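[1] please work out how this folds:
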Amino acid sequence: MSGGAPSAVLFACGMNAVRSPMAAAITHHLFPHTVYVASAGVREGEPDPFVTVVMDEIGIDLSEHQPHTFEDLADTSFDLVVSLAPEAHHRALELTRTMAFDAEYWPTEDPTLAEGSRDRKLEAYRRVRDTLLQRIKQRFAWQPPPSG
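    As a prediction, the model looks like this:
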């Protein structure tokens, strides 16, 4: 798949608690009526309050997100699966044996590994959020809506 937005994309990471829900929410925000977006993890994690804080800062509400796994997906008809962690990419590559989609690996920092103060941890989450935002805009050729 070359540039431009897919019609259906799955973002995947280790526990569907931080990186993949952020990426899915950003993509849904940028392409609200043109791209079907979902997220999943290899394992089911727990909701992360830092995600809610940093996404609220850019006007995206993730407070209701409940982590889930690949097995929980109701629909698996994706054009593209973007893996944000090595274990998720291995799972995506396994799925390409029986399902037709493009798989891309975007190595993405795990902000849960940040140590130190609350502010230092929030900086790591913001860095991941901003990196995903720029990568999604670039990869899917996002154009701002015309003003008026």
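
[2] and the helix ranked longest in the chain, what does it pack onto?
    As assigned by DSSP state H, the longest helix anywhere in the chain is helix 118-139. With contacts defined as 3 or more CB pairs under 8 Å, 6 or more residues apart in numbering; DSSP states H and E, the packing partners of helix 118-139 are helix 19-30, helix 49-56. (Glycine included, C-beta is placed from N, CA and C.)

[3] nearest to residue 87, of the ones you listed?
    Proximity to residue 87 (CB to CB) singles out helix 19-30 among the helices and strands packed on helix 118-139, at 11.8 Å.

[4] chain center to that closest one, what's the gap?
    Relative to its chain's centre, helix 19-30 lies at 5 Å (CA atoms, centre = their mean, to the nearest Å).

[5] would you put the C-alpha positions of the following helix or strand past that helix in CSV?
    Using DSSP states H and E, the helix or strand that directly follows helix 19-30 along the chain is strand 36-41. Once non-C-alpha atoms are left out, strand 36-41 reads as follows in CSV (Å, rounded to 0.1, in the frame of the first residue of the first chain):
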residue,chain,number,x,y,z
TYR,A,36,-12.5,2.6,9.7
VAL,A,37,-10.1,2.4,12.6
ALA,A,38,-9.5,-0.2,15.4
SER,A,39,-6.8,-1.1,17.9
ALA,A,40,-5.8,-4.3,19.6
GLY,A,41,-3.1,-5.7,21.8
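
[6] and strand 36-41 with helix 19-30, angle?
    Strand 36-41 runs at 170 degrees relative to helix 19-30, counting by axes from the mean of the first three to the mean of the last three CA atoms, to 10 degrees.

[7] hang on, the earlier thing: residues in contact with the longest helix of the chain?
    For helix 118-139, contacts defined as CB atoms under 8 Å, 6 or more residues apart in numbering pick out 3, 18-19, 22-23, 26-27, 30, 50-51, 53-55, 57-58, 84, 106, 108-109, 111, 113-115, 142.

[8] among the helices and strands packed on helix 118-139, which is the most enclosed?
    A comparison of those by mean neighbour count, using mean count of other CB atoms under 10 Å, puts helix 19-30 on top with a mean of 25.
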